[in-house]
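In: build the 3D model from these lines:
(2 chains)
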Amino acid sequence: EAGVTQFPSHSVIEKGQTVTLRCDPISGHDNLYWYRRVMGKEIKFLLHFVKESKQDESGMPNNRFLAERTGGTYSTLKVQPAELEDSGVYFCASSPLAGAAYEQYFGPGTRLTVT
Amino acid sequence: RKEVEQDPGPFNVPEGATVAFNCTYSNSASQSFFWYRQDCRKEPKLLMSVYSSGNEDGRFTAQLNRASQYISLLIRDSKLSDSATYLCVATDLNSGYALNFGKGTSLLVTP
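Out: Coordinates of the predicted model:
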C-alpha cells in the first residue's frame, strides 16, 4: 500500500513569490492534516480536513496560507506571498475516519526555503 | 509555556544500554499520548501509543502519570538502529485530532 506522498520534496523561492505544496494521502483515509516544522521549533499543527471539509484550521498562521482538498482526495497548501519566516518543513499526514484516527501517517515532507 | 516539553538531549549511549526519556505536558485536558520516532530528515513515524496502565512493545515501555502530567519511554538493550529523535505527542478533546508535539529528544546509540 502506498504511503502519504508529498510534492515537491524541496522548494526554494524568493520572498513575495507563491508556492503550492501538494499532498496525496493514503487511499481511503478521510482525515488529512497539515503540519509545519520551523527550524529549532517543534512540529506544529496547521489544519485538518475530513474529506473535503475543513474541520479545524486553528493552526494556520495567517491568511497568506490557503489549503484546499477538492473532491476529498489530495490536498494543496498555497502560500501567497511567501515570507522568510515561512521557511520550514511542511508535513502532511492522513488517518482513517474512525477507530485509529489518532494514528496519523506522515508523508516525507516538503522542505520550503524562502530567500 | 510549551504544551509538551522534552529534554532535547542528545543522549549518547552504548549498544545494549537502557535509556529513558521523559516528557511533561501542560494541558490537563490532554487525553491521548504517543511516542513518535523521527530519523534524520525523514517523517515522524508512530512508535507506540501510551496507555494509563503502561504498555510494552518489545524493548520499548511507555508509562503515563496523569497526576504529574508526565510521560516516559524506556528503551532496553539499545540497538544502533534506535538512533533517532523521539517525539512526545499529546492530544486533547478540544483540539480534535491535532497532535501536539514536543521538540524531541535525540538519541545516539554507539558501538
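In: just give me the residue right at the centre of chain A.
Out: Central residue check for chain A by CA atoms, centre = their mean: the C-alpha nearest the mean position is that of A:Trp34, 3.2 Å away.
In: which strand residues bridge that one?
Out: Per DSSP bridges, the residues bridged to A:Trp34 are A:Leu47, A:Cys92.
In: just give me the neighbour total for residue 92.
Out: No chain in the question, so chain A it is. 29 (other CB atoms under 10 Å in any protein chain shown). Every residue, glycine included, has its C-beta placed from N, CA and C.
In: oops, I was thinking of chain B
Out: When neighbours are defined as other CB under 10 Å, B:Asp92 has 16 of them.
In: go ahead and confirm it touches B:Asn27.
Out: Yes: B:Asp92 lies in contact with B:Asn27 (CB atoms under 8 Å); the separation is 5.4 Å.
In: what is in contact with the two at once?
Out: Shared contacts of B:Asp92 and B:Asn27, defined by CB atoms under 8 Å, 6 or more residues apart in numbering or on different chains, comprise B:Asn100.
In: A:Thr5 is in contact with A:Tyr105, isn't it?
Out: No: in this structure, A:Thr5 is not within contact of A:Tyr105 by CB under 8 Å, at 11.0 Å.
In: more neighbours, these two?
Out: A:Tyr105 (21 against 15).
In: how far away is that one from chain B?
Out: 8 Å (CB to the nearest CB, to the nearest Å).
In: spatially nearest residue to B:Ala17, not counting backbone neighbours?
Out: Nearest non-adjacent residue to B:Ala17, counting by CB to CB, 6 or more residues apart in numbering or on different chains: B:Ser78, 5.0 Å away.
In: please name the residues that touch the one you found.
Out: Contacts of B:Ser78 (CB under 8 Å, 6+ apart): B:Val13, B:Pro14, B:Glu15, B:Gly16, B:Ala17, B:Thr18, B:Val19, B:Arg59, B:Leu107, B:Val109.
In: not counting sequence-adjacent ones, nearest residue to B:Cys23?
Out: With sequence-adjacent residues excluded and distances taken as CB to CB, 6+ apart, B:Cys23 is closest to B:Cys88, at 3.4 Å.
In: does chain A sit close to stretch B:100-111?
Out: Yes: using CB under 8 Å from any CB of the partner chain, stretch B:100-111 comes into contact with chain A via B:Asn100, B:Phe101, B:Gly102, B:Lys103, B:Gly104.
In: now that stretch: mean pLDDT?
Out: Averaged across stretch B:100-111, pLDDT comes to 96.
In: tell me which residues of it are tucked away?
Out: B:Asn100, B:Phe101, B:Gly102, B:Lys103, B:Gly104, B:Thr105, B:Ser106, B:Leu107, B:Val109 (16 or more other CB atoms under 10 Å in any protein chain shown).
In: using a markdown table, please lay out the residues you listed together with secondary structure and distance to A:Gly59.
Out: Supplementary listing: these in a markdown table, determined by DSSP: H, G, I helix; E, B strand; the rest coil; distance: CB to CB, whole Å:
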| residue | secondary structure | distance to A:Gly59 |
| --- | --- | --- |
| B:Asn100 | strand | 10 |
| B:Phe101 | strand | 12 |
| B:Gly102 | coil | 16 |
| B:Lys103 | coil | 16 |
| B:Gly104 | coil | 18 |
| B:Thr105 | strand | 23 |
| B:Ser106 | strand | 25 |
| B:Leu107 | strand | 28 |
| B:Val109 | strand | 34 |
